[in-house]
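Visitor: my questions are about this predicted structure, shown below with the sequence.
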Protein chains: 2
Amino acid sequence: MARVVVDVMLKPEILDPQGQAVANALPRLGVTGVSSVRIGKRIEIEFDGEPDLEQAREIADKLLANPVIEDFTIHLPAPAEADK
Amino acid sequence: MARVVVDVMLKPEILDPQGQAVANALPRLGVTGVSSVRIGKRIEIEFDGEPDLEQAREIADKLLANPVIEDFTIHLPAPAEADK
């Protein structure tokens, strides 16, 4: 089994009210020094055999991201994530 | 400005109907060989100064993840993501 990760984030010019709500709540938690919070999606696709980045790109493009307002990146899981 | 990334995913034993819906739609796209799809959140926190992983962990624990059903990991953006 091989995993491919697709990260979908709103384009930088698109407002993110959900992230803004989190950023606005931080001072109440006593957290300062945060200038912005953006919230997107992380999708983990498990392939039966070899991970297929091209196929993952097609899935992301057609099903996971709205290309009008979102950008996506595709990558294999970072080695650091393996020991979580 | 320094970015910290928080990945929030449902715990493996928690059903993910949204991911299952995507997985079930794949054969109609002509995509086979995918055994599972899991959909979570990716949160990008921008700090004014140095990235503070401990503070990010506190934010994730209190605001971003529901520890009953979700796990989170905190990391700096991968170098590969910088050139997107």
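Guide: Done, it's in.
Visitor: hmm, A:D48 is touching B:S36, no?
Guide: No - here A:D48 does not reach B:S36: they are 9.8 Å apart, not a contact under CB atoms under 8 Å. Heads up, the C-betas are built off the backbone N, CA and C, glycines and all.
Visitor: compare these two (neighbour count), which wins?
Guide: B:S36 (16 against 11; other CB atoms under 10 Å in any protein chain shown).
Visitor: contact partners for the closest residue to the more buried one other than its chain neighbours?
Guide: Setting aside the residues directly before and after it, B:S36 is nearest to A:E46 in space (CB to CB, 6 or more residues apart in numbering or on different chains), at 4.4 Å. Residues in contact with A:E46 (CB atoms under 8 Å, 6 or more residues apart in numbering or on different chains) are A:M1, A:A2, A:R3, B:V34, B:S35, B:S36, B:V37, B:R38.
Visitor: tell me the one of the residues you listed nearest B:N24?
Guide: B:V37 (9.1 Å; CB to CB).
Visitor: from A:L76, how far off is the closest one?
Guide: Distance, B:V37 to A:L76, by CB to CB, to the nearest Å: 16 Å.
Visitor: now do A:P51
Guide: Distance of A:P51 to A:L76, given as CB to CB: 6 Å.
Visitor: joint contacts of these two?
Guide: With CB under 8 Å, 6+ apart as the test, A:P51 and A:L76 both reach A:R3, A:V4.
Visitor: what about the two, which has more around it?
Guide: Ranked by neighbour count (other CB under 10 Å), A:P51 and A:L76 place A:P51 first, with 18 against 15.
Visitor: tell me the pLDDT at that one?
Guide: With respect to pLDDT, A:P51 has a value of 88.
Visitor: what's the longest strand in chain A?
Guide: strand A:34-47 (DSSP state E).
Visitor: report the buried residues of it.
Guide: Neighbour counts using 16 or more other CB atoms under 10 Å in any protein chain shown place A:34, A:36-47 of strand A:34-47 among the buried residues.
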